[in-house]
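Engineer: predicted coordinates and the sequence they were generated for:
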Amino acid sequence: MADVPNSAQAPTVNARFRVLLATSELAPWVKSGGLADVAAGLGRALGRRGHDVRIVMPYYETQFDPAQPERVVASSFIDGYRIDVLEARLGDLSAYLLRCPALYARPGTPYGDGAGADWPDNDERFGVFGRAVAWLADRHALRGFVPDVVHLNDWPSALAAPFVTAQPDRPGVLFTIHNLGYQGLFPRESFDRLETRIGLDRSWWSPAALEFHGRLSFIKAGLAFADRLSTVSTGYAREIQTDELGFGLGGLLRQRAGDLHAIVNGIDTDRWDPARDPLITHHYDADRLSVKSRNKALLQRELGLEVESRRPLAAVISRLVPQKGIDLVADALPELLDRGLQLAALGSGAEDIERRLERAGIDHSGKVAYRGGMDEALAHRLEAGADLLLMPSRYEPCGLNQMYSMRYGTVPVVRRTGGLADTVDAATGFLFDEPTADALVQAVGDALDAYVDSERWLRLQQNGMRRDFSWNRSAADYEGLYGDLCDRHGR
Ligand code: ADP
Ligand code: GLC
């Protein structure tokens, strides 16, 4: 793995980079997971450091509405579709929204109908997105903005990489892996169709390029063609080079180890600040932690839990997919309840896990509460009101919730994997190794032993609250990478 310059001491880079940051989601406009928060937080932090960052994303116009509909700054035809580029602002962020109603004006999530099914034409939707990003990277596409760096994130924007790197006089390309478990795999026919429709090069149908065991892999476009790769924690950078967590791409990642960097995510410490959060009722900080219990009482009441200040309350806020290990929480529930724990879970995803949590809420009413759907405000109230956060992830590239929790004095109990192991330690939380219900019960038991020792608990809370998880340091690391890319591409 290549070294990232140590940003703690790194001087602020003098160069001002023009960065085209491609993402399929952006908080709070449209969010299905952490990528939305990261794109917004990183974009803002880079802007504050003096860089000119422009976000580019599809305009899912039925899912969000930027305050003012913005002017069209460029248009093109890709794959027979007219793509209008709208310039938009989200606070201090600048964004280019790619308007193409036939592809993007749909309800649900960026990827599917919201009821669990992906859109059947995601190859085309994100093929066009990647092609459009590459078009905007060209120095003639946008008046007044010629990017030095194109920063791609996860499979939905990955297809831009081979197109940009084929351009003469081009910007540098960074591809960030947020989750290798999502690869954008499509049948061979998708490649053939996209070859004709958006100009995929025939030579890219090769195991060294976009082919993955007979299928088209979008993520490989990023992994094989970007100048540099990064991922969102040191632990995950190591893990994705193994057969177990490389999801079939470990070999390619080992080959590219010299270009692979690890930059841990930051969090937006303005939006997630218990002293000022407009989404919570009682504000507090590390020196006024007793106030937190008032949020707990409100939360217990709101969720129909028994209102008991001394009963430990654990929260889960998660996509309910196998990655997150929430089935382990369901398996462990009888024992956790025996230990006197209350559980408040918020999340949606796999139907079987949703059903188990729903059932638990009915069977153990007053002790377990489950809410489905995406509810940003409730996520904040949970962080402010709970004592513990459970994240028993089977793998976790970085994870943001454990950092939000620590900032809110909510002690995380996490599996020692990926970014969880990078960001939680014995001074701030509880870690366990085996992805089993027994190991989770054991770790929660340790946490509950600490909970009854109020001085020890306070120390754990305060340690977490005083950690610096802000974006500044990580933004400086990205800056270092952008600098290398610019040196290489003479920008
Ligand atoms: P991932 O991106 O894998 O889902 P992260 O921990 O990086 O995991 O980010 C998840 C983000 O999504 C967090 O900001 C978390 O609060 C939020 N989140 C997950 N599920 C929900 C939900 N049901 N309602 C509100 N926010 C949610
Ligand atoms: C992914 C990962 C998560 C990470 C997020 C933002 O969705 O699952 O661990 O925090 O991306 O990088």
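Structural biologist: Cool, the structure landed. Ligands and ions are numbered 1, 2, ... in the order given.

Engineer: the residue in the chain that ligand 1 sits nearest to: neighbour count?
Structural biologist: Nearest residue of the chain to ligand 1, counting by CB to the nearest ligand atom: residue 34, 2.2 Å away. Just so you know, the C-beta spots here come from the backbone N, C-alpha and C atoms, and that holds for glycine as well. For residue 34, the neighbour count with other CB atoms under 10 Å is 24.

Engineer: next, count neighbours for the residue nearest to it when sequence neighbours are not counted.
Structural biologist: Leaving out its chain neighbours, the residue that sits closest to residue 34 by CB to CB, 6 or more residues apart in numbering is residue 400, at 4.7 Å. Per other CB under 10 Å, the neighbour tally for residue 400 reads 24.

Engineer: residues of the stretch 251-400 of the chain that sit close to ligand 2?
Structural biologist: 265, 396-400 (CB under 6 Å from any ligand atom).

Engineer: considering only those, which also neighbour ligand 1?
Structural biologist: 398-400.

Engineer: could you dump these into CSV and include pLDDT, secondary structure and distance to residue 146?
Structural biologist: Shown next, in CSV, are these (pLDDT from 0 to 100; DSSP: H, G, I helix; E, B strand; the rest coil; distance: CB to CB, whole Å):
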residue, pLDDT, secondary structure, distance to residue 146
398, 98, coil, 31
399, 98, coil, 35
400, 98, coil, 32
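
Engineer: which of the residues you listed sits closest to ligand 2?
Structural biologist: Nearest to ligand 2 among these, with distances taken as CB to the nearest ligand atom, is residue 398, at 3.5 Å.

Engineer: you'd agree the closest one is up against residue 233?
Structural biologist: Yes - counting by CB atoms under 8 Å, residue 398 does reach residue 233; the two are 4.8 Å apart.

Engineer: neighbour count: the two, which is higher?
Structural biologist: residue 398 (26 against 23).

Engineer: check the secondary structure at the spatially closest residue to the more buried one that is not a sequence neighbour for me.
Structural biologist: The shortest distance from residue 398 to any non-neighbouring residue, by CB to CB, 6+ apart, is to residue 419 (3.3 Å). Under DSSP: H, G, I helix; E, B strand; the rest coil, the three-state class of residue 419 is helix.

Engineer: what's the answer for residue 20, then?
Structural biologist: Strictly by three-state DSSP, residue 20 counts as strand.

Engineer: what's the local residue count around it?
Structural biologist: 28.

Engineer: before we move on, what about residue 468?
Structural biologist: Residue 468 has 8 neighbours, counted by other CB under 10 Å.

Engineer: roughly how far apart are the nearest residue to residue 245 once chain neighbours are set aside and residue 189?
Structural biologist: Leaving aside its sequence neighbours, residue 245 sits nearest to residue 239 (CB to CB, 6+ apart; 4.1 Å). Using CB to CB, to the nearest Å, residue 239 is found at 33 Å from residue 189.

Engineer: residues contacting the residue nearest to residue 34?
Structural biologist: 34, 37-38, 265, 267 (CB atoms under 8 Å, 6 or more residues apart in numbering).

Engineer: among those residues, which are in helices?
Structural biologist: Members of those lying in helices (criterion: DSSP state H): 34, 37-38.

Engineer: closest one of those residues to residue 360?
Structural biologist: residue 34 (25.6 Å; CB to CB).

Engineer: do I have it right that the closest one meets residue 402?
Structural biologist: No - counting by CB under 8 Å, residue 34 stays clear of residue 402, with 11.1 Å between them.

Engineer: the nearest residue to residue 182 once chain neighbours are set aside: which element?
Structural biologist: Distance criterion CB to CB, 6+ apart; nearest residue to residue 182, sequence neighbours excluded, is residue 155 at 5.9 Å. Following DSSP states H and E, the helix or strand that holds residue 155 is helix 154-158.
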